[in-house]
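Peer 1: Take this sequence and fold it.
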Amino acid sequence: MKKILLTIAAVAMIGMSGTAQAGVVNLQVGGTYSNNIRSVVNNIITTEGGGSIETSYLDGRKLDYLYCVDLSTTVNVNTVYPYTTVNNAALIHGSVVNNADKVAYLLENHGVGGQGDQAIALQAAIWHEIYGTGVYDLNISGAGGYGTGSSIATLYTSYVSEADKSTTGNFSKFIWINPGKDAIGLNNYQGLVTSSPTPEPSTYALMGIGGLFAALWFKKSSGTLAPTV
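Peer 2: Down below sits the predicted model:
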């Protein structure tokens, strides 16, 4: 009976530590982002606002960066979304993000905060991989474009080329975010993605307790502990 209780406790503790970032969370969206990214959407020259959106928090934990993976809807900056859902399965509004592995590759290798050239080029490359040529492209050579010799255009071209050749990105390493303001989820807001924030001390404590229970169970089952009478 004690073995069973120890096993249940260990599984519960480890499970709790592993799901600390899952479910419904409070998302605080920052107010600073890369505005007026020169874009071509459905062959129309336009501008878009994108990430990294800073300074943003998930349940009080500061995020390294926050990028948009949903071009068709909007999210309000300087806004709290208390009924946000998160997952590690690349699900946005119930569907898997197109080319999520390529988006993950870009974030793994080029994920950066701030609003500099790298963030602009990365956001544009993420949109391009999700939506494809002709639906989203960076405006390089069109009217008002960045120009082929610009840093943003060079970085974007490099990022897209790398991602197109790779399917090695692990999208389960990232947190895919569906912001929500109400408990019943009447509205869809812009889907976002971020890296996993550093676990809180309580998460490490749960992991440690779970590991201790597991260790005790294995020692007991192997006969290295004195029997209890």
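
Peer 1: Please enumerate the helices of this protein.
Peer 2: 2-18, 100-110, 117-131, 151-165, 201-221 (DSSP state H).

Peer 1: By neighbour count, which bits of the shortest one are buried? Give me those.
Peer 2: This points to helix 100-110. Residues of helix 100-110 classed as buried by neighbour count (16 or more other CB atoms under 10 Å): 100, 101, 102, 103, 104, 105, 106, 107, 108, 110. Placement of C-beta: from N, CA and C, glycine included.

Peer 1: Mind pulling up the pLDDT for the closest residue to the fourth one other than its chain neighbours?
Peer 2: Nearest-residue entry for residue 103: residue 126, 5.4 Å, with adjacent residues in sequence omitted and distances by CB to CB, 6 or more residues apart in numbering. Note on residue 126: pLDDT of 98.

Peer 1: Residue 126 and residue 182, how far apart?
Peer 2: Noted for residue 126: a distance of 28 Å to residue 182, by CB to CB, to the nearest Å.

Peer 1: Same question for residue 110.
Peer 2: 35 Å.

Peer 1: circling back to that earlier point, so what's the residue count around the residue nearest to residue 103?
Peer 2: For residue 126, the neighbour count with other CB atoms under 10 Å is 28.

Peer 1: Does it touch residue 106 like I think?
Peer 2: Yes. Counting by CB atoms under 8 Å, residue 126 touches residue 106, with 5.9 Å between them.

Peer 1: can you pull the contacts of residue 179?
Peer 2: 27, 29, 75, 81, 84, 189, 190, 192 (CB atoms under 8 Å, 6 or more residues apart in numbering).
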